[in-house]
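J.: Sequence plus the predicted model coming up.
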Amino acid sequence: MGKLRSVLKRILNPSRDSHREQKLRQLQRRLMYWKESILGGGRLREAILIKLLEQHYNSKFRRQWVLSEEPPHFFDQRIGFFQFAFCQKDYGPYAFFRGFYNSEILHQGDRLLDIGCGDGFFTRRFFAERCVHIDAIDIEPGAIKAAITYNSAPNITYHLLDAVKQPFPNDIYDVIVWDGAMGHFSPDTTHLMLQKICQSLAQDGVFVGSESLGIEGSDHLQYFHSLNDLYQIFKPYFKYIELRCANYRIGSGGVIRQEAYWRCANDPRRLKEGHWQEFSTAESTNFKSVEKG
Ligand SMILES: C[S@@+](CC[C@H](N)C(=O)[O-])C[C@H]1O[C@@H](n2cnc3c(N)ncnc32)[C@H](O)[C@@H]1O
């Protein structure tokens, strides 16, 4: 009876009823908003949390790099990403170019090997989405521990492994990445590594990577001064070689970092697909030559 009455009421007075419902929904939304603000916090809480996290990462950096007996051979990229995303300091996106460039040539379902994966930041954030499986290898236990802790994914297997002395985890890969690590290998082992890389690449596979140019890194065993240095190293192994260089400022001291990026293959198909996205908005970024074999 009561239900019938309410239906009749709605038919006889539709506008008043829907107006009341609208008001009710508005009030509900406002209450939910206040609840969210109290539980989730407003701008003040956000500012406090960012400050705390900034202090945490700054302290982590000091402990790892300034105060430790032996600093790690890899960078905790979360520190840099946090600086880039949330801090007022002059910190550009340049350190992440390698991730964008490498992911440009990935295909859905690729099998990827990441040599010297460090903390696995690039492995997880840039490569894992498209790949069916990734083997990420590093010789440093701290790197593999950080990678498993912060950058795990179901399709990534992290291996504590010496890339020179031990076989790669699988026989064939579509993409092999060697990012920011070549300088950590001696010239002799570099050639051994390139032989191994060639043997492990699928027929249309691509070898990609990046390394700083000039004297950088006290733990480096070799330095490269120009794109041509790298070109000469890759030439005996690959028919098609593309090299690029970005110059960018790091820190507030005005240090210019030159970073080289490469794509090498013996089948040109994949190289034609990638177009080297230009990040040209920053004045400190200057892309130079592309060399082709
Ligand atoms: C500067 S980090 C680069 C990390 C990561 N690829 C990136 O781009 O952030 C170089 C890494 O190479 C690793 N490495 C050096 N020699 C190696 C070897 N023989 N086998 C495997 N990894 C090695 C180091 O432990 C280090 O984590």
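T.: Perfect, thanks for sending it.
J.: ends of stretch 110-120, how far apart?
T.: End-to-end distance for stretch 110-120: 17 Å, by C-alpha to C-alpha, to the nearest Å.
J.: Centre of the chain to it, how far?
T.: Relative to its chain's centre, stretch 110-120 lies at 11 Å (C-alpha atoms, centre = their mean, to the nearest Å).
J.: avg pLDDT for it?
T.: Stretch 110-120 carries an average pLDDT of 98.
J.: What residues of stretch 176-188 count as buried?
T.: 176, 177, 178, 179, 180, 181, 182, 183, 184, 185 (16 or more other C-beta atoms under 10 Å). C-beta: built from backbone N, CA, C; applies to glycine.
J.: How about residues contacting that stretch?
T.: With contacts defined as C-beta atoms under 8 Å, 6 or more residues apart in numbering, stretch 176-188 is touched by 73, 98, 102, 112-116, 118, 122, 127, 163-164, 190, 193, 197, 200-201, 205-212, 216-217, 219-224.
J.: Apply 6 Å and report the result again.
T.: If you take C-beta atoms under 6 Å, 6 or more residues apart in numbering as the criterion, stretch 176-188 is touched by 98, 102, 113-116, 197, 207-211, 217, 220-222.
J.: Please type out the ChimeraX selection for whichever of those turn out to be buried.
T.: To isolate the buried subset of the contacts of stretch 176-188 in ChimeraX, counting by 16+ other C-beta under 10 Å, use the following:
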select :98,102,113,114,115,116,197,207,208,209,210,211,220,222
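J.: Could you give the number of residues near residue 6?
T.: For residue 6, the neighbour count with other C-beta atoms under 10 Å is 10.
J.: ugh, wrong one, I meant residue 51
T.: Using other C-beta under 10 Å, residue 51 is surrounded by 12 other residues.
J.: ok, the contacts of stretch 176-188 vs the ligand, which is closest?
T.: When the contacts of stretch 176-188 are compared for distance to the ligand (C-beta to the nearest ligand atom), residue 116 wins out at 2.7 Å.
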